[in-house]
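Chemist: Okay, sequence plus prediction incoming.
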Amino acid sequence: MKASAPGKIILFGEHAVVYGRPALAVPVTQVHVDAEVSDSPRAGIWIHAPIIDLHAELNSLPPDHAIASVILKVIQRFGISPLPNLDISISSTIPVAAGLGSGAAVSVALIRALSASLSRPMTDDEVNALTYEIEKIHHGTPSGIDNTVITYGKPVYFMKDRPVETFKTGNPFTIVIGDTGIAAPTKESVGDVRRLWIRDQFNLENIFNEIAQIALIGRRSIESGRTEMLGELMDHNHEYLQELTVSSPELDSLVEAARKAGALGAKMSGGGRGGNMIALVDPAKAESVAAALMSAGAKRTIITEVS
Ligand code: MEV
């Protein structure tokens with residue numbers, strides 16, 4: 001049985017979303033994780049993930065291992081005993097620790113492939129809840145936005161502890177993603193924002209409120225097809241993320257390069273410090289903005305249409 005899950009980017013609202021504010025995220029289908037589960041002729045559950053050079057039997061891995069923890073959660077949830085003999089293959093084109101949701105996509109693809117192969121169907125809500133449990137093992141206090149957008153594969157307007165809201169785009173728009181190539185665990189930037197918040201709650205709450213407004217206006221602009229507004233909103237959101245100290249010189253210079261090359265606006269996206277930035281572009285300018293990002297030091301770019 002095969003299943004796949006897309007990458008994601010956050011358009012507006014990262015970090016503030018951890019504090020209950022809304023955020024917008026969209027799937028990026030150009031990159032994905034593919035998982036395949038089949039019966040194995042050998043005893044045990046064998047995992048092959050060439051991308052991280054992993055070829056191992058489940059029991060030889062620590063229980064909190066990124067992939068083992070997903071398999072163990074599924075087995076535990078269904079109370080399966082004795083364990084079946086399985087071969088599990090995982091491949092991915094989503095760069096790791098780049099803010100594109102690679103971890104959540106591994107969980108979603110693997111959970112779906114396992115549930116199908118064990119003939120235990122799961123709803124999207126169940127896949128999402130289980131993926132969130134796994135995200136919590138690896139990322140401290142995640143808001144849940146990554147697992148949600150990746151599970152549903154649609155644009156989401158996300159607020160913690162609220163029912164999932166997907167939304168439609170009035171007009172398609174084009175985003176160029178630029179990857180700094182710097183692996184930056186979200187846990188660290190989220191932890192640093194937490195420390196800032198403990199020191200100066202008043203200021204941080206104000207910044208989160210401003211970001212929440214941006215996310216709200218962003219959603220309305222997308223739904224009503226007034227996507228030209230999004231550029232300015234991205235620029236403002238980036239400034240607030242700089243105030244939260246989660247941008248970096250590399251992200252700032254890619255954001256600058258995109259704007260100089262004619263992007264309508266740009267911001268870092270995701271946890272920050274490294275990872276990726278996004279730029280809103282006129283489709284005719286997408287290639288030249290992507291080229292400018294490469295010249296400014298991006299390790300890779302992805303052009304994606306949100307529709
Ligand atoms: C990470 O993709 C987004 C953050 O807001 C963290 C989270 O929401 O859990 C930085």
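Modeler: Thanks, I have the structure now. Numbering: from 1, shown residues only.

Chemist: And the helices in the stretch 51-200 of the chain, which stretches?
Modeler: Taking DSSP state H, counting those that start in this stretch as the test, the helices found in the stretch 51-200 of the chain are 66-78, 102-117, 124-139, 145-152, 186-199.

Chemist: Need these in JSON lines (columns: distance to the ligand).
Modeler: In short, each C-beta sits where N, CA and C put it, glycine included. As requested, the helices of the stretch 51-200 of the chain are exported to JSON lines (distance: least, Cβ to the nearest ligand atom, whole Å):
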{"stretch": "helix 66-78", "distance to the ligand": "16"}
{"stretch": "helix 102-117", "distance to the ligand": "9"}
{"stretch": "helix 124-139", "distance to the ligand": "6"}
{"stretch": "helix 145-152", "distance to the ligand": "5"}
{"stretch": "helix 186-199", "distance to the ligand": "5"}
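
Chemist: Would you reformat those helices as TSV and include mean neighbour count?
Modeler: Putting the helices of the stretch 51-200 of the chain into TSV (neighbours: other Cβ atoms under 10 Å) gives the following:
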stretch	mean neighbour count
helix 66-78	19
helix 102-117	26
helix 124-139	18
helix 145-152	27
helix 186-199	16
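
Chemist: okay, those helices in CSV with mean pLDDT next?
Modeler: Output for those, formatted as CSV (pLDDT from 0 to 100):
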stretch, mean pLDDT
helix 66-78, 93
helix 102-117, 96
helix 124-139, 92
helix 145-152, 97
helix 186-199, 94
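
Chemist: Distance to residue 50 for the ones you listed - can I get that in JSON lines?
Modeler: As requested, the helices of the stretch 51-200 of the chain are arranged in JSON lines below (distance: least, Cβ to Cβ, whole Å):
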{"stretch": "helix 66-78", "distance to residue 50": "12"}
{"stretch": "helix 102-117", "distance to residue 50": "13"}
{"stretch": "helix 124-139", "distance to residue 50": "21"}
{"stretch": "helix 145-152", "distance to residue 50": "22"}
{"stretch": "helix 186-199", "distance to residue 50": "25"}
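
Chemist: What residues does the chain have near the ligand?
Modeler: Neighbours of the ligand within the chain, by Cβ under 6 Å from any ligand atom: 10, 14-15, 17-18, 99, 142-143, 145-146, 186, 190, 270-271.

Chemist: Domain-wise, how is the protein divided?
Modeler: 2-166, 173-306 (automatic domain parsing).

Chemist: mind checking the end-to-end distance for the first one?
Modeler: Think domain 2-166. 25 Å (Cα to Cα, to the nearest Å).

Chemist: and if you look at the shortest one?
Modeler: Chord length of domain 173-306, first to last residue, is 5 Å (Cα to Cα).

Chemist: about what we covered before: nearest to residue 174, of the helices of the stretch 51-200 of the chain?
Modeler: helix 145-152 (18.4 Å; Cβ to Cβ).

Chemist: ok, and what's touching that closest one?
Modeler: Residues outside helix 145-152 that contact it (Cβ atoms under 8 Å, 6 or more residues apart in numbering): 5-8, 10, 14, 17, 23, 25-27, 101, 103-105, 107-108, 124, 127-128, 131-132, 135, 155-156, 158, 164, 166.

Chemist: now do 7 Å
Modeler: Here helix 145-152 makes contact (Cβ atoms under 7 Å, 6 or more residues apart in numbering) with 5-6, 8, 10, 17, 23, 25-27, 101, 104-105, 108, 124, 127-128, 131-132, 135, 156, 158, 164, 166.

Chemist: Repeat that for stretch 54-61.
Modeler: For stretch 54-61, using Cβ under 7 Å, 6+ apart, the contacting residues are 44-48, 68, 71.

Chemist: just stretch 201-216 next, same as before
Modeler: 12-13, 16, 19, 21-24, 196-197, 233, 236-237, 240, 243-244.

Chemist: Buried residues in it, which are they?
Modeler: 204, 207-208, 211-212, 214-216 (16 or more other Cβ atoms under 10 Å).

Chemist: Output those in CSV; the columns should cover secondary structure.
Modeler: Listed next are those as CSV, based on DSSP: H, G, I helix; E, B strand; the rest coil:
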residue, secondary structure
204, helix
207, helix
208, helix
211, helix
212, helix
214, helix
215, helix
216, helix
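
Chemist: if we take those residues, which one ends up nearest to residue 281?
Modeler: Closest to residue 281, out of all of these and judged by Cβ to Cβ, is residue 214, at 19.0 Å.

Chemist: May I have the distance across stretch 161-180, first residue to last?
Modeler: 32 Å.

Chemist: pretty sure residue 292 is touching residue 257, no?
Modeler: Yes. Between residue 292 and residue 257 there is a contact at 5.0 Å, judged by Cβ atoms under 7 Å.

Chemist: dump the residue contacts of the most centrally placed residue in the chain.
Modeler: Closest residue to the average C-alpha location of the chain: residue 101 at 2.9 Å, with Cα atoms, centre = their mean. When contacts are counted by Cβ under 7 Å, 6+ apart, residue 101 touches 7-8, 94, 146, 150.
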